[in-house]
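J.: Sequence plus the predicted model coming up.
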Amino acid sequence: MADELASMVLAEITAEFEDNDLEVRAIDLGIEDTDGSYWAVITDGPQPLYLDDDGDPVNFFHIVALYRLNPDGSWSREIARLEIDTAPQRTGDSEVVHAPDGAAWIVIRAGTGAHAGTLDVIRFDPASGSLATVLSHISSRPNAGAITDLDGDGLPEFVLNTSNPYVFCYACAVEEHSVAIYRWDGSALVEVPLRVTPGLSGDIGTAASRVVALAEADLWRQAAALAVATARRAPRDDDMRWLSILVNQTTAQRLAHAGSPGQPLLTNVLAGEYATALDLMRAHAPAAVFALDGPLVDGTAAVADLATMAVTILDYTERALAQRPDEAAIHAVRALGLALASPAALAGARAAAARAAELAPGDAFLQRAVSYLDSIELAPGLAAGAPAAEELLPGPSAEWFAEGYTLGSGDRGRHVRALQQRLAQVRGLGFLNPGRYYDLYDAATREAVIHIQQQVDLEPTGVVDEATWAAVDAARQRPEPEPPPITVEPSQPAAHDRAGAPVVYLTFDDGPHPTWTPQVLDILERYDAPATFFVLGQSASRYPEIVERIVEAGHEAENHTFDHIWLDKAPRELFISQVNAADDALHAAAGARVDPIACLRPPYAAMNEHTRDLAAELGKSIVLWSVDTQDWRRPGAGQITSHVLANVRPGSIILMHDGGGERSQTVEALPTVLEGLTGRGYEFDVLCR
């Protein structure tokens with residue numbers, strides 16, 4: 001039926017615009033009445049035009065149009081039509097989300113311009129038969145937004161990407177992250193405001209005002225902590241809860257981005273992490289810190305635009321000091337900004353450094369900084385000019401791969417940079433080149449690699465071996481992108497608790513193991529952090545006492561199959577026997593205390609509609625992950641930790657392993673991961689109850 005409607009609409013458009021390369025998609029809105037069922041059509045592809053009799057161009061803009069499938073199988077005439085507000089070049093993905101009041105939201109994600117993304121939400125009201133745009137957003141990034149249930153109440157929220165990737169420089173991996181949230185208030189989609197609403201009064205209103213002031217000063221960690229504490233004092237106040245969620249969403253993104261290789265000091269300033277920024281300064285002698293070509297500048301994006309870095313520091317520190325005037329670290333960072341902005345007029349830098357030293361009289365570095373600035377008339381060094389265009393870097397050699405080396409999460413260096421250059425050249429992949437000074441194998445790099453691995457039927461590990469490198473090289477030379485594989489979205493947990501605090505989900509695969517799982521459990525107990533263990537049935541049968549300890553400690557034991565097989569290719573009988581055998585092993589180990597075994601994690605993340613449907617038949621939800629530590633590669637405990645902290649967001653599901661190999665690095669990294677997450681205000685929870 002969908003193809004029939006799409007062909008009919010395309011023929012009508014072609015009758016006016018003649019030859020064109022448009023495509024039309026038809027989707028069932030899932031709404032019926034006595035007259036029939038309702039469908040929407042969405043156009044896609046290059047938008048045609050023609051010249052009218054006066055020689056003026058008549059342009060076609062992408063549309064959403066409404067039709068009805070009548071009971072006799074015929075199609076109605078067009079009932080309603082509207083042009084998509086953002087006028088994207090392509091309309092990309094579309095889906096239908098049912099609104100709580102019985103209407104349907106047609107959600108369209110697309111791209112426009114070189115790097116921008118769009119998200120439009122079109123409401124179909126079955127009572128009036130009308131279409132209306134209720135949300136239209138253009139983002140500076142390809143991913144304009146997401147639909148998610150932030151608070152776990154079963155209602156979807158729209159989280160728009162309002163980040164500014166050009167706050168400092170173009171394509172240099174320095175980004176001012178932010179979001180806008182739209183939620184259902186019982187009658188309409190409304191934006192969650194970063195302000196004190198009329199319903200917030202008294203002590204709660206005063207605290208809320210302070211939260212807003214801290215957030216507007218980009219002191220995100222302090223704003224988030226106060227927001228959560230205030231929301232817990234007023235558990236029935238929805239306005240305070242949503243203010244807390246909004247602040248914590250942006251806080252999580254700013255803190256994860258802090259220390260980015262593009263410009264480590266400036267990204268800490270953008271997050272309000274002035275103590276960390278000061279620690280970066282402490283690592284060097286004052287003469288190097290205040291040099292125009294010193295180690296805080298050289299090798300970073302500041303080389304290309306030192307003046308903008310200085311101005312950005314001054315803007316941020318001015319607003320931060322208005323809220324926290326007695327914080328020495330802010331004054332110290334401001335001294336650096338003043339020196340970089342006016343290297344021949346250092347009076348301002350001297351005054352700021354002196355104030356920092358006055359507020360922290362025992363700080364030897366600040367005392368040395370004051371003495372140094374007093375001793376010079378001109379900041380040392382020369383500001384660099386614009387660098388030459390970046391050349392395509394060579395990739396790893398065949399010998400390098402032959403020795404067993406690979407590239408994966410958290411790796412850094414020229415090989416990663418060479419990989420990112422090539423990914424950015426793959427048409428249709430949507431991977432943005434992060435710039436010459438960014439050489440970190442991050443989540444975006446991993447996702448792009450997995451996409452290419454899926455296209456050529458390689459194991460989708462997100463790790464680059466020789467075969468994957470060859471696939472990337474081949475993909476960038478294709479004139480047209482391969483069609484993306486069919487994907488099935490796994491279940492997603494709540495991103496925030498009732499006070500708006502961000503929640504993260506720790507998961508461990510392939511256990512239990514007699515050496516590593518007990519150590520993991522000891523650490524989790526020390527930090528009072530619940531976790532979800534995706535257990536192999538064969539290991540549960542071998543070590544039932546460890547499964548019993550997992551459950552006794554309040555963690556979840558969930559299903560990871562009996563033998564770690566590929567479920568997407570398993571025949572029905574094998575699929576069911578593998579899942580049921582794992583359930584039986586868990587019950588044999590810990591009895592009914594493991595119930596409900598509600599989640600299934602397919603090994604290798606191998607899932608499709610077959611996997612989802614059979615899992616549902618067995619009463620299980622598919623659960624994957626959003627932060628893959630790739631700890632099985634043994635990249636080092638420090639790299640495991642830094643990768644988690646750089647990529648975690650509210651609602652993240654973190655994948656680690658307590659079995660299936662030598663896991664000492666996971667055990668070593670886990671305390672630092674937990675300390676880092678706790679320090680950012682994250683709460684821990686289990687996934688499946």
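T.: Yep, that arrived. Numbers count the residues shown, from 1 in each chain.
J.: Pull the number of nearby residues for residue 272.
T.: 28 (other Cβ atoms under 10 Å). In this view, the C-beta of every residue, glycine as well, is placed from N, C-alpha and C.
J.: In terms of pLDDT, where does residue 481 sit?
T.: On the pLDDT scale, residue 481 is placed at 54.
J.: Please name the nearest non-neighbouring residue to residue 126.
T.: Leaving out its chain neighbours, the residue that sits closest to residue 126 by Cβ to Cβ, 6 or more residues apart in numbering is residue 31, at 5.2 Å.
J.: and that neighbour, what are its phi and psi?
T.: The phi/psi pair for residue 31 (degrees, to the nearest 10) reads phi -130, psi 130.
J.: With the one 5 residues further on instead?
T.: When quoted as degrees, to the nearest 10, the phi and psi of residue 36 stand at phi 140, psi -160.
J.: wait, isn't it in contact with residue 66?
T.: No. Under the criterion of Cβ atoms under 8 Å, residue 36 makes no contact with residue 66, lying 11.8 Å away.
J.: More neighbours: which of those two?
T.: residue 66 (21 against 17).
J.: quick one: that one is in a strand?
T.: Yes. Per DSSP: H, G, I helix; E, B strand; the rest coil, residue 66 lies within a strand segment.
J.: what bits of the stretch 251-400 of the chain have low per-residue confidence?
T.: Low-confidence segments of the stretch 251-400 of the chain (pLDDT under 70): 383-387.
J.: repeat that with 90
T.: 299, 301-308, 344-345, 380-391 (pLDDT under 90).
J.: Is residue 122 in a helix, a strand, or coil?
T.: Recorded secondary structure, residue 122: strand (three-state DSSP).
J.: any chance you could read off phi and psi for the closest residue to residue 531 other than its chain neighbours?
T.: Nearest residue to residue 531, sequence neighbours excluded (Cβ to Cβ, 6+ apart): residue 506, at 4.0 Å. When read as degrees, to the nearest 10, the backbone of residue 506 gives phi -90, psi 130.
J.: what does residue 212 give?
T.: Dihedral angles (degrees, to the nearest 10) for residue 212: phi -60, psi -40.
J.: Now that it has come up, it's in contact with residue 194, right?
T.: Yes. With contact defined as Cβ under 8 Å, residue 212 reaches residue 194; the gap is 6.0 Å.
J.: Find the residues that touch each one of those two.
T.: Counting by Cβ atoms under 8 Å, 6 or more residues apart in numbering, the common neighbours of residue 212 and residue 194 are residue 243.
J.: Buried residues in the stretch of helix or strand residue 590 belongs to, which are they?
T.: According to DSSP states H and E, residue 590 maps onto helix 572-590. Residues of helix 572-590 classed as buried under the neighbour-count rule (16 or more other Cβ atoms under 10 Å) are 575, 578, 579, 581, 582, 583, 585, 586, 587, 589, 590.
J.: how far out from the middle of the chain is that helix?
T.: With Cα atoms, centre = their mean, to the nearest Å as the basis, helix 572-590 stands 34 Å off its chain's centre.
J.: for the record, mean pLDDT for it?
T.: 97.
J.: After that helix, which helix or strand is next?
T.: Next element after helix 572-590 (DSSP H and E): strand 599-600.
J.: what does that following strand rub up against?
T.: Strand 599-600 is contacted by residues 491, 532, 534, 556, 558-561, 579, 615, 618, 620-623, 687-688 when judged by Cβ under 8 Å, 6+ apart.
J.: What average pLDDT does it get?
T.: 96.
J.: Same check on stretch 201-214?
T.: 96.
J.: before we move on, what about stretch 505-525?
T.: In this model, stretch 505-525 carries a mean pLDDT of 98.
J.: buried set for it?
T.: So, applying 16+ other Cβ under 10 Å, buried residues of stretch 505-525: 505-513, 516-521, 523-524.
J.: now the helices for the stretch 501-650 of the chain?
T.: Counting by DSSP state H, counting those that start in this stretch, the stretch 501-650 of the chain has helices at residues 516-526, 537-542, 544-552, 572-590, 609-617, 637-647.
J.: distance of the residue nearest to residue 126 from residue 135?
T.: Distance, residue 31 to residue 135, using Cβ to Cβ, to the nearest Å: 19 Å.
J.: What of residue 193?
T.: According to Cβ to Cβ, residue 193 stands 15 Å off from residue 135.
J.: more neighbours, the two?
T.: Taking neighbours as other Cβ under 10 Å, residue 193 and residue 135 compare with residue 135 leading, 19 against 14.
J.: so how far is the helix or strand hosting the more buried one from its chain's centroid?
T.: Assigned by DSSP H and E, residue 135 belongs to strand 130-139. Strand 130-139 sits 23 Å away from the centroid of its parent chain (Cα atoms, centre = their mean).
J.: In terms of helices and strands, where is residue 15?
T.: Using DSSP H and E, residue 15 maps to helix 2-17.
J.: mind giving me CSV with the helices of the stretch 501-650 of the chain and columns for distance to residue 228?
T.: Formatted as CSV, these follow (distance: least, Cβ to Cβ, whole Å):
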stretch, distance to residue 228
helix 516-526, 22
helix 537-542, 37
helix 544-552, 29
helix 572-590, 34
helix 609-617, 35
helix 637-647, 19
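J.: Between the ones you listed, which one is closest to residue 628.
T.: helix 637-647 (8.5 Å; Cβ to Cβ).
J.: buried residues in the closest one?
T.: In terms of neighbour count (16+ other Cβ under 10 Å), helix 637-647 has its buried residues at 637, 639, 640, 641, 642, 643, 644, 645, 646, 647.
J.: That helix: how far from the chain's middle?
T.: Helix 637-647 sits 15 Å away from the centroid of its parent chain (Cα atoms, centre = their mean).
J.: No further queries at this time; thank you.
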